[in-house]
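Chemist: Need the 3D shape of this:
(one chain, ligands or ions: 1)
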Amino acid sequence: QDNYASLRRAARQSYGFGDARYASHPRRAAAGGEDAPRRRRRRRRPVQPDDPNVCESRSRAGVRRRAPKAAPLAWTDGVPAAEGLECVAAPAPGGGTRACCRATLARAELLADEYPAHFARIARSAARAEGVNLVTAATTWRCFPSLVIVGAQKSGSTALAVHLTRHPNIAFSRDKELHFFDKNESLCPGPLGYLLKFPARDELKATAEATPFYIASTEACTHMAAQLGRRATYVLIVREPVARAYSEYQMKHRRVQGQDGFEKALQAHAGAILRCVAEAGPRNATRGLRACAPSELQALAKFPQFAVSVGVQIARKAKAAKQAGGDDRSALYEWLKACFWVADEGTKEPLADLIGGGRGAARFDATQCFKEGTRERLGDLEAVMRDEVALFHDCARTHFSWMVPPSMDAAADLITKCVRVRTGISAQYLYRGLYAAQLQRCLRGGVVSSDIVVVDQDVLRRDPQRALDAVAHRLPRHTYEDLSDASLKAEMDRRWPDFEKNGWRLDAAYTAPMPEALRSDLARFFAPHNELLFDFAGRRFDWPSR
Ligand SMILES: Nc1ncnc2c1ncn2[C@@H]1O[C@H](COP(=O)(O)OS(=O)(=O)O)[C@@H](OP(=O)(O)O)[C@H]1O
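Modeler: Predicted coordinates for the structure are as follows:
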């Protein structure tokens with residue numbers, strides 16, 4: 001505790017931002033600065049660890065989340081129902097019916113009282129967009145999607161989605177990539193959070209979303225078939241699979257570079273991070289960082305995750321210290337001591353000296369203290385791609401009587417046996433291009449083939465109106481005024497301004513080609529799988545087979 005007190009004193013004396021700077025945090029300032037009496041937090045009902053009515057999860061930064069469990073949407077004799085929701089089967093624009101639902105008032109009030117953090121997380125963005133409070137947002141009628149872009153990653157799904165946002169009969173979800181059906185969130189905590197991602201019900205508009213991971217996921221089609229069933233069009237936009245694999249690799253390359261950049265920024269601003277955390281104290285590390293970290297650091301995509309992660313690490317240490325009879329200030333001091341050191345001497349300097357300008361610059365140990373920042377690695381292009389080909393060949397040799405799958409069923413068996421699907425932008429560069437296999441698994445999940453529309457990315461590039469007509473074939477035809485790349489980019493920046501953070505690009509336009517020998521070997525690997533896709537689609541795409 002003494003150590004911590006002197007550290008905090010030093011932070012105030014040497015940098016003078018203490019009260020004034022921290023009080024500038026809007027909520028603190030409104031309450032009259034740091035000396036204002038703290039509002040007591042309402043004590044929540046303790047939840048038993050294995051409570052069968054509660055969904056427990058952790059955010060990527062490790063924050064524990066609790067939400068009440070609710071059964072998924074289910075249809076009985078054409079009538080939709082979901083726990084905690086009032087639902088009706090409503091006519092869908094373009095024909096058929098769709099489920100439109102809203103939270104019951106009792107459910108919304110339960111969420112507001114017992115699960116305020118969860119409720120704010122799921123309803124805040126709808127409430128803000130519509131200028132209403134959380135309960136009103138939750139009790140507003142919204143409809144399940146009639147059009148879902150299910151894949152494939154890196155095949156033009158963003159361009160397709162952005163174009164469709166301009167269709168007068170389509171209401172797109174507020175964010176791209178909702179990942180509702182691929183996570184078990186569709187089962188727990190149920191559909192209210194998903195519905196809240198869509199605008200309020202409009203009789204004339206079909207709701208739509210795009211999560212390109214759905215087709216690669218092992219479970220999404222099963223969940224979609226059960227919850228949306230024949231009431232949706234499932235759009236699969238595909239790209240020549242070698243180009244797709246290379247695009248994913250390039251994307252990962254940008255992300256890893258971005259992570260290296262973030263680590264460098266952490267080093268450059270280590271002194272400031274140390275001071276912000278020390279000044280904020282053991283219970284406010286995340287808030288303190290958000291309020292006082294330098295703006296260049298805050299502008300980086302990983303900053304929010306970093307700020308939360310620091311708060312969580314300190315809270316965990318504080319909890320352990322409390323259990324051992326210690327106090328949270330010494331826990332914070334221990335965390336700071338473990339995570340920072342003086343650069344030029346490599347010795348452990350007293351932290352108060354560091355704060356005061358000491359003998360060297362502060363350094364932050366990102367490997368120890370922010371593992372999320374150092375997690376991803378990128379293998380050599382040639383090695384990762386050839387390893388994946390070998391994996392499929394070895395697996396086919398071991399488990400099947402064929403080396404090249406003779407049918408879509410066999411291809412689906414191949415991925416079921418040989419692939420443990422990973423989420424996100426992964427190192428599964430070839431798997432994601434085995435479209436026929438993924439489609440067949442989707443059919444096994446209960447989606448009906450006539451509800452699937454396959455579009456070639458090339459067509460979207462060359463003749464976007466034709467591709468868009470095919471995708472929205474159930475809706476009244478719309479002639480788009482401007483389908484140029486420039487207007488596409490402008491619309492995306494307006495709608496999803498954060499989309500291009502963290503390595504994502506609408507159109508990366510990199511110029512380094514894939515080595516020709518590798519490209520041709522991969523094209524040969526994909527050729528039989530492409531033939532299965534062409535059979536399914538009833539037409540050929542102009543993709544090289546060698
Ligand atoms: N107008 C238009 N028409 C067709 N295709 C286009 C268009 N604009 C962009 N692109 C291509 O989209 C690729 C990115 O695909 P996704 O948006 O599906 O990527 S992601 O999965 O959301 O990350 C992206 O791939 P890369 O350039 O390789 O990154 C582009 O090739």
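Chemist: any idea how far A71 is from the closest residue in space to L391 that isn't next to it in sequence?
Modeler: Nearest residue to L391, sequence neighbours excluded (C-beta to C-beta, 6 or more residues apart in numbering): C418, at 6.7 Å. C-betas here are computed from N, CA, C, even on glycine. Noted for C418: a distance of 34 Å to A71, by C-beta to C-beta, to the nearest Å.
Chemist: between those two, which one's more packed in?
Modeler: Legend: neighbour count by other C-beta atoms under 10 Å for C418 and A71, higher for C418 (18 against 14).
Chemist: which other helices and strands contact the lengthiest helix in the chain?
Modeler: Longest helix in the chain by number of residues (criterion: DSSP state H): helix 241-268. Judged by 3 or more C-beta pairs under 8 Å, 6 or more residues apart in numbering; DSSP states H and E, helix 241-268 is in contact with helix 295-298, helix 303-323, strand 362-364, helix 366-369, helix 381-399, helix 516-537.
Chemist: hmm, try it at 6 Å
Modeler: Counting contacts by 3 or more C-beta pairs under 6 Å, 6 or more residues apart in numbering; DSSP states H and E, helix 241-268 packs against helix 516-537.
Chemist: buried ones in the longest helix of the chain?
Modeler: Within helix 241-268, the residues scored as buried using 16 or more other C-beta atoms under 10 Å are 241-252, 254-255, 258-259, 262-263, 265-267.
Chemist: That helix near the ligand anywhere?
Modeler: Yes - using C-beta under 6 Å from any ligand atom, helix 241-268 reaches the ligand at S247.
Chemist: Toward the C-terminus, what is the element adjacent to that helix?
Modeler: Going down the chain from helix 241-268, the next helix or strand is helix 270-280, by DSSP states H and E.
Chemist: now the angle from the next helix or strand after that following helix to helix 303-323?
Modeler: Next helix or strand after helix 270-280 toward the C-terminus (DSSP H and E): helix 285-292. Note on geometry: by axes from the mean of the first three to the mean of the last three C-alpha atoms, to 10 degrees, helix 285-292 and helix 303-323 are set 140 degrees apart in direction.
Chemist: Pull out the buried positions in helix 285-292.
Modeler: In terms of neighbour count (16+ other C-beta under 10 Å), helix 285-292 has its buried residues at A285, T286, R287, G288, L289, R290, A291, C292.
Chemist: Please save the CA atoms from that helix in PDB.
Modeler: Extracted in PDB, the C-alpha atoms of helix 285-292 (Å, rounded to 0.1, in the frame of the first residue of the first chain):
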ATOM      1  CA  ALA A 285      -7.900   1.100 -14.700                       C
ATOM      2  CA  THR A 286     -10.000   0.600 -17.900                       C
ATOM      3  CA  ARG A 287     -11.800   3.900 -17.400                       C
ATOM      4  CA  GLY A 288      -8.600   5.700 -16.500                       C
ATOM      5  CA  LEU A 289      -6.900   4.500 -19.700                       C
ATOM      6  CA  ARG A 290      -9.800   5.600 -21.800                       C
ATOM      7  CA  ALA A 291      -9.800   9.000 -20.100                       C
ATOM      8  CA  CYS A 292      -6.100   9.700 -20.300                       C
END
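Chemist: Check which helices and strands it sits against.
Modeler: Applying 3+ C-beta pairs under 6 Å, 6+ apart, one finds that helix 285-292 contacts helix 270-280, helix 303-323.
Chemist: what's the most buried one of the ones you listed?
Modeler: Each of those was scored by mean neighbour count; the highest is helix 270-280, a mean of 24, by mean count of other C-beta atoms under 10 Å.
Chemist: model confidence over that helix, on average?
Modeler: What helix 270-280 shows for mean pLDDT is 88.
Chemist: What of stretch 488-505?
Modeler: The pLDDT scores in stretch 488-505 average 86.
Chemist: What does the pLDDT read for the closest residue to L192 other than its chain neighbours?
Modeler: What sits nearest to L192 in space, not counting adjacent residues and going by C-beta to C-beta, 6+ apart, is A103, at 5.6 Å. Looking at A103, its pLDDT stands at 97.
Chemist: On the strand side of things, show who A103 bridges to.
Modeler: Judged by DSSP bridges, the bridge partners of A103 are L85.
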